[in-house]
Structures are given as C-alpha cells and as structure tokens.
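**Student:** heads up, no residue letters with this:
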C-alpha cells in the first residue's frame, strides 16, 4: 500500500498531502462527505471522534468533536472543529473552512481543499490545508497529521474497514 506524500509550501502557509486510492472516485467522495462514513474512518484510537456531522451542499456546515485525548496541541486535548462548505463539485472537489479550537487563534478560519481525480488504478486524492502561515505549531501538527488522514481514507475506501 503506497504511503501518502506531504509537503509544506515554500511560504509556509499550506500543507499538501496526496495519495492514490484503488477505489472509484464516487466511493472516495462519499467517504469524505457522509457523516456515518466519516465517523468510521476519520478518527484515531489516541483521539476518538465523539461525533461527525456534514451537511453536503454549498453553504452547508460541518462539525466534529473528539473525546478527551492524550494528545495536547496548544493546551487543548478535546478537539472541536467546524466550518462551512465554500466550494463543491461532486465527486471531484470539496472545499471547506476549518476552524479548530486547538489553533493559536481558535476563531481563525483556515481552508481544507479536497481534489479528487480519476486515474487508471482508481482515484488520486490531494488535500491542501491552507491559512497556516501564522500558526507554526498547527502547521507542524498538520504536516504529520494529514498523511495519516489520507492513509485512513485509502484503507476505508479500498476495504470498507477503518
């Protein structure tokens, strides 16, 4: 199973992670947008998700929260995130604002952009998280975190298991 790639942009504003998934683009998009599926794969034993809610439409809102974790970022161990879908073109594009309570400024909006492209072996997934130039700790956390997220997406989309 190929590992995810991850780079930080030269301006230190964005993390870009990518992976190839041996599953149809529609299945991968559904895994990114269906609340029940997100609950199954967008989680981690060290930081279990309490809930995931996703209203998949332009202007729709999403939110998720975790149980108390042993992981601490900027003094936070119960992570909450929410935002609004600002671009959507199923099954190729999903873009939403990302407001995390563990950021230095917990009200600052960053942006997560999922780009999916069909390839011979399935789907190429690229996720770009931007707006991180002023938050080096969050940037460091995401540069390690997003590759793991896309690998979990890959496992779930290919096998149906988290």
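**Tutor:** Sure, I can see it. Values in this document were obtained by computation on a predicted structure and should not be read as measured data.

**Student:** quick one: residue 79 and residue 47 touch, right?
**Tutor:** Yes - the pair formed by residue 79 and residue 47 meets the contact definition of Cβ atoms under 8 Å, at 6.7 Å. Yep, even glycine has a C-beta here, placed from its N, CA and C like the rest.

**Student:** more crowded one of those two?
**Tutor:** Looking at residue 79 and residue 47 with other Cβ atoms under 10 Å, you find the greater number of neighbours at residue 79, namely 19 against 16.

**Student:** Which residues are in contact with the residue nearest to that one when sequence neighbours are not counted?
**Tutor:** Leaving out its chain neighbours, the residue that sits closest to residue 79 by Cβ to Cβ, 6 or more residues apart in numbering is residue 66, at 4.5 Å. Residue 66 makes contact with 43, 47, 48, 49, 50, 78, 79, 80, according to Cβ atoms under 8 Å, 6 or more residues apart in numbering.

**Student:** Give me the neighbour count for residue 31.
**Tutor:** Taking other Cβ under 10 Å as the criterion, the count of residues near residue 31 is 22.
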